[in-house]
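[1] Sharing a model that was predicted from the sequence below.
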Amino acid sequence: MKSITKKEFKDKLLEELDDQFEVDISHASNLEIYRALATVVQDGYAKLWRQTRIEEAHSGKKQVYYFSIEFLPGTRLRSTLLNLGWMDVVKSGLEDLGVDLDEIAAQEPDMALGNGGLGRLAAAFMDSLASTGYIGNGNGIRYKYGLFKQKFVNGYQVELPNDWLQTSKSWGVRRDNKSEIVRFGGKVELVNDDNWLVPKYSGTNDVAAVPYDVAMVGYHQDVVNTLRLWDAEVPAGAELQYPTIADRRKVEDLTSVLYPDDSSYEGRLLRLKQEYFFVSAGLQSILHYFRNSLKQTDPEKLPEHIAVHINDTHPAMAIAELMRLLVDEWRLDWDKAWDITQKVMSYTNHTIMAEAMEKWDINMMQEVVPRILQIITEIDRRYVISLSNKVSAEKINSTKIIKDGKVQMAHLAIIGSHSVNGVAPLHTRLLETVVLKDFYDLFPEKFNNKTNGITLRRWLQIANPRLSDLLDKTVGEEWRSNSTKMLELQDQYDNSNVLTKINQIKFENKKDLSDFIKVKTGIKVDPTAIFDVQIKRLHAYKRQTLKLLHIIKLYQDLKNGIDHPKRVVIFGAKAAPSYTFAKQVIKVINEVAAVINSDTSIHDKLKVVFLENYDVTLAERIIPAADLSEQISTTTKEASGTSNMKLMANGALTIATMDGANVDIAKAVGKDNIFIFGLEKDQVYSYYNNHNYHPGEIYHQDKEVAAILDSLINGTFPKAATEGRVLYNNFLQDNEEFFVVKDLKDYLAKQADVEKLWKDKKSWSQKCLVNIAHSEEFDADSTVNQYATKIWHLKKLNSGK
Ligand code: 26Q
C-alpha cells in the first residue's frame, strides 16, 4: 500500500487543480475539485497497478476472468480511498482546505452499468477479489448510457437517459494497443487448408473493441486488479466499410445502451450483438495475454493459467468462441479444444424464472454470428452422440442445446462448463430438483452452491460510519479486514450501553434520511417512526403489491380509529420500461401515497415515500436508516436477494418469506430474530401442480381482505382508478402466480408482531445487534474465497495478504 501524508496530499491536490483547471482551491468548483482529487487518487495507485500486472505475469499464477454483461460498482471515489487507506488523510486534508469530502464525492455519478442484483454482485466480486489478494479480471461493456434515470410525472415512471460519462470519464483508462477486432455477420465457408478445415469469411462487418480499464484497488492490499470494459468503434482503416455517418453510428450503437430488463428476456438483435461483442473481445485479449505476456505456446496449458466465469447465460457464447479460437486459429483438434474449454469455463445461474431463460433464434444467430452457430451446432451434435444409447431419448431431447429452432443458452452454458452454481442453497436445490433436474441427473458433479455476499466495506464502512465506529469500539478494528470478528458483538447482547448506542445511531441515520426525504419530496417524516423499507427492482414476484396492501390496511385502521405505531414506508424501485404491470404498480403506490400523506385526519401516523431513481448511491443513504427490511418475494422466485444482507448488516430486522437467502439469514440469526411468514416452497409447488389456488374464495370469505382489495376500485384513490382496477383483477385471478392474496393475512399478522416488538425498545435493539453480528456470514470476501478455491482453483498473489 502506498501511504500519503496529509501535507503531500494537499500539495498534490493544489498542484492538480492548478495544472488541470488553472484555479486555486478557493475558486475551484466542486466538480473541479472532484476531478483533481480523482487524478491524485489514480496517481496514488498507478504504480501498484503496474506492479500487480508484472507480478501476475511473472508468477504465472492462475487468474480468473469474470465475464458479465453488467457491472454495477456505484461511485468509485470513496471506495478507492477506503481501500487505499487514504480516507482519513483525505478527509482531514480537505477539511484543512475548507472543503467537505461529502460534497466533493457527491459530484461523481454512479457507474450504473447494471440493472440490479446480478450487476452489483459482479462489482462486489471485483472488490473482493482484489481485497483478498487474488488476480481477478472483470470483462464487460462500457455502455455510453447506464441504467435510465427514473422520474415520476403525475405518479407515472418516466425514463431519462443516464449520461454518466459526462463527468466520470476519469476512472477508465483507454488502452488502444489492447484493442481487438470482433467480426459480425457475413458468410462463412469452410475450406481445406493443409488438411484443416478453416473458415473463410466474406462480407463481414468488423468492429473494433477498445478497452477502458478500471482499476480495482484491494482493501489494504498491494493488489490492484482490472475491470476491462469494451467500447465499440469503427476500426482504423475500415472507414470504407462504414462510409456514412449513419453507418458509423450503427457501430457505436452497439455499446450505447444497457438493456433495462432484469427478468424477462427479449430476443433483440442488438442484445445478441452486445453479448458476442464483449465475449469475443474478452477471449481474444485473454489468448493474446496468454501468448504474449505469459509466453505460452501450448494451449493445453490454458486451464492452468486461466479460468473464465460466465455470469448468467449472457456471456454463454464464450464457450463457442473459445472453441472457435482454439480450433480455427490455434488449429487444435476438436476433442482437445473441448476438454480445454470445459476446464476453463464455469457458470452461475441467477434465476429460475422461465421467462428470463435466454433462447436465441437460430436465424438470428445465423445472421449475427454464423461461425458461432456452426460451432454450437457441432457441440450439440456431439453432445447427443455422447449420450445416445446411454440415457433415454427424452433426457437427451430435454437437455440438448438446439431445439425448435432456438439455441438454449443455459444448456450451452451447462454442457460447456465444469461447474454450475446457484446463489443460495434453496435456489441451488431448486435448480437440481426442478429447473435443471435433467442436467443434475446427468452431471451431478457439476452442480454446487455459492451463496451470494455483499461488500461490507461499502455497506458498513462507507455507508454507515457511525455504526462502524461503534463496532471499532466494541469488537476492535479488526472486523474491517476480517468480518468474522463482528460475531463478537453478540457478547454485548445484554450490555445496555451498547444497545442504547445502536438505537441512537439508527436514530441519527434516520434523521439524515428524513432531511434528505424533505429536500427531495417535500414530505416531512418523523425519525422516531418505524422506517419500513423495500428497495429492489419492481417486479410482480418481489411483491411490492403485498406491501401496498399492508399500507392500505394500516390506513383503513387509522381512519377507523385503530391505533398503530408511527410508520414511514420507503420504496425505491425501477420498473423495466416495457414492463407494463410493474409501471402500473408504481402509479398505484404513488397515488395511494399522495392520498395518505395529505390526509390530516391520521395525524402523520403513516407516511409513504417512494424515492425516485433508486441506485447504489441512494441505497447507501437509505440502508443505514432502515428499521424493517421487506424481503417478501413469492417463495421459490428470488434466487438469493442481496439487499436483505445489506439491510441486516445495518441493523434492520427482516420480515421475509422463506425464499432465496432469507432462509440463510433466518438460520444465521435464529427464528426469534426475524419475522417469517407466507407459503413455503412445497405449498407453492403443490398449488402450481394442482392448479387449485382460487384467491376469489379468500376474498369472498374474508371481509378484511375484501375491504383492502375493494379500496383499489371504490374511489378511495381516485387518481389510480384505472391502474387500481388492473391490480385488483390481477390479484383475484384464478391461479395467480404470486399468491398475493393468499399470503396477505399471514403477512398482516407478522406486521402486527413487528409493531408489538417495536414497543419493546430493548428487545428490538437486541435483535438488531444479533442481525449486525451475524451479517458477517454474507461477506462477499468469503463468497469469493469459495469460488476461488473450489471452482477457479486460484492461488493468492504473494503481495496479497
Ligand atoms: C437478459 C437478456 C436480455 C435483456 C436483459 C437480460 C437480463 C439482464 C439482467 C436478465 C437478467 C438480469 C439480472 C438478473 C438479476 O439481477 N438477478 C438477481 O441476481 C441476484 C444476484 O445473484 C440475486 O440475488 C437475485 O435474487 C436475482 O434476481
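    Done, it's in. Residues are numbered from 1 along each chain as shown.

[2] Nearest residue to whichever residue of the chain sits closest to the ligand in space, please, no chain neighbours.
    Proximity of the chain to the ligand (Cβ to the nearest ligand atom) peaks at G117, 2.8 Å away. C-beta here means a position set from N, CA and C on the backbone, and glycine is covered the same way. Among residues not flanking G117 along the chain, T642 sits closest, at 5.3 Å (Cβ to Cβ, 6 or more residues apart in numbering).

[3] my read: S483 touches L456, true?
    Yes: using Cβ atoms under 8 Å, S483 makes contact with L456 at a distance of 5.6 Å.

[4] From the contact counts, what lies against the longest helix along the chain?
    Counting by DSSP state H, the longest helix found in the chain is helix 30-59. The contact analysis (3 or more Cβ pairs under 8 Å, 6 or more residues apart in numbering; DSSP states H and E) places helix 30-59 against helix 6-21, helix 77-84, helix 101-105, strand 205-217, strand 224-233.

[5] follow-up on the earlier one: may I have the residues that are in contact with the residue of the chain closest to the ligand?
    G117 sits next to D262, H350, N452, K536, R537, S640, G641, T642, S643 when contact means Cβ atoms under 8 Å, 6 or more residues apart in numbering.

[6] which SS state does K61 fall under?
    Per DSSP: H, G, I helix; E, B strand; the rest coil, the secondary structure class of K61 is coil.

[7] Just list whatever residues bridge to L160.
    On the basis of DSSP bridges, L160 is bridged to K149.

[8] related to what we said a few turns ago, tell me the most buried of the helices and strands packed on helix 30-59?
    strand 224-233 (a mean of 24; mean count of other Cβ atoms under 10 Å).

[9] For stretch 268-277, buried residues please.
    R271, L272, K273, Q274, E275, Y276, F277 (16 or more other Cβ atoms under 10 Å).

[10] no, scratch that, I was asking about stretch 419-434
    If you call a residue buried by 16+ other Cβ under 10 Å, then stretch 419-434 has these buried ones: 419-428, 430-432.

[11] Same question for stretch 235-249.
    By 16+ other Cβ under 10 Å, the buried positions in stretch 235-249 come out as P235, Y242.

[12] Regarding that stretch, how distant is the last residue from the first?
    One end of stretch 235-249 to the other measures 13 Å (Cα to Cα, to the nearest Å).

[13] cool, and stretch 619-638?
    End residues of stretch 619-638 are separated by 19 Å (Cα to Cα).

[14] before we move on, back to that, of the buried residues of stretch 419-434, just say which sits nearest to H694.
    Comparing the buried residues of stretch 419-434 against H694 with Cβ to Cβ places L430 closest, at 25.0 Å.

[15] in a helix, that's where the closest one is, yeah?
    Yes: the assignment for L430 (three-state DSSP) places it in a helix.

[16] Which ones among the contacts of G117 map onto helices?
    Assigned to helices by DSSP H, the following of those qualify: S643.

[17] Just the buried ones from the contacts of G117, in PyMOL syntax?
    Buried residues among the contacts of G117 (16+ other Cβ under 10 Å), as a PyMOL selection:
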select buried, resi 262+350+452+536+537+640+641+642+643
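
[18] nearest spatial neighbour of V327, skipping sequence neighbours?
    Of all residues not flanking V327 in the chain, A337 sits nearest, at 5.0 Å (Cβ to Cβ, 6+ apart).

[19] Help me confirm that the one you found comes into contact with E321.
    No: applying Cβ under 8 Å, one finds A337 not in contact with E321, separated by 11.6 Å.
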